[in-house]
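**Student:** Structure here, sequence nowhere to be found:
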């Protein structure tokens with residue numbers, strides 16, 4: 001039953017992630033009306049998994065993942081003087097929750113892969129002549145794809 005809840009959360013994250021990717025690429029924003037309910041739904045599924053197993057481990061692991069990734073992105077936002085969007089910081093919470101629920105390795109790999117994807121995207125923009133080093137790219141899709149890849153390889 002716990003595996004079914006985790007898979008449900010992961011598939012929901014992928015589906016909502018595809019929607020958010022489209023929005024972020026076209027509008028450079030990640031709407032709270034989508035990100036917040038996603039975080040709540042994943043948290044509820046974590047809580048259900050904890051209740052079913054009688055262990056708070058999935059809930060604690062997910063919450064720690066959300067706090068760590070969300071805190072990391074908040075520090076990056078402050079350090080970048082706003083170049084990293086507030087939506088990216090908010091998206092880090094459900095992303096950290098889903099990655100943390102799967103485990104510490106998934107959290108680290110998913111977080112690192114977001115920056116690998118972002119770097120590759122930025123290089124592609126420059127190489128194709130569609131932008132320069134100062135061109136802003138939507139980072140939400142990188143967060144989502146990094147998380148999905150992190151879940152897939154761990």
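**Tutor:** That came through fine. Only a predicted model underlies this, so the values are computations on that prediction, with no experimental measurement involved.

**Student:** Is the residue positioned nearest the centre of the chain in a helix, a strand, or coil?
**Tutor:** The residue lying closest to the centre of the chain (C-alpha atoms, centre = their mean) is residue 95, at 3.0 Å. Following DSSP: H, G, I helix; E, B strand; the rest coil, residue 95 is assigned to helix.

**Student:** Summarise which helices and strands the helix or strand hosting residue 11 is packed against.
**Tutor:** Element membership for residue 11, per DSSP states H and E: helix 2-27. Under the contact definition 3 or more C-beta pairs under 8 Å, 6 or more residues apart in numbering; DSSP states H and E, helix 2-27 sits against helix 32-53, helix 86-102, helix 140-153. Placement of C-beta: from N, CA and C, glycine included.

**Student:** Can you check what angle separates that helix from helix 32-53?
**Tutor:** Orientation of helix 2-27 against helix 32-53 (axes from the mean of the first three to the mean of the last three C-alpha atoms, to 10 degrees) gives an angle of 170 degrees.

**Student:** Could you tell me the angle between helix 2-27 and helix 86-102?
**Tutor:** 160 degrees.

**Student:** now the farthest one out in this structure, which residue is it?
**Tutor:** Distance from the centre of the chain peaks at residue 129, with 28.4 Å (C-alpha atoms, centre = their mean).

**Student:** isn't the residue nearest to the centre of the chain right up against residue 147?
**Tutor:** Yes - Residue 95 is within contact range of residue 147, at 4.9 Å (criterion: C-beta atoms under 8 Å).

**Student:** what do these two both touch?
**Tutor:** Common contacts of residue 95 and residue 147 (C-beta atoms under 8 Å, 6 or more residues apart in numbering): 13, 110.

**Student:** quick one: contacts for the residue nearest to the centre of the chain?
**Tutor:** When contacts are counted by C-beta under 8 Å, 6+ apart, residue 95 touches 13, 69, 110, 143, 144, 147.

**Student:** Quick one, grab the pLDDT at it.
**Tutor:** The model reports residue 95 with a pLDDT of 98.
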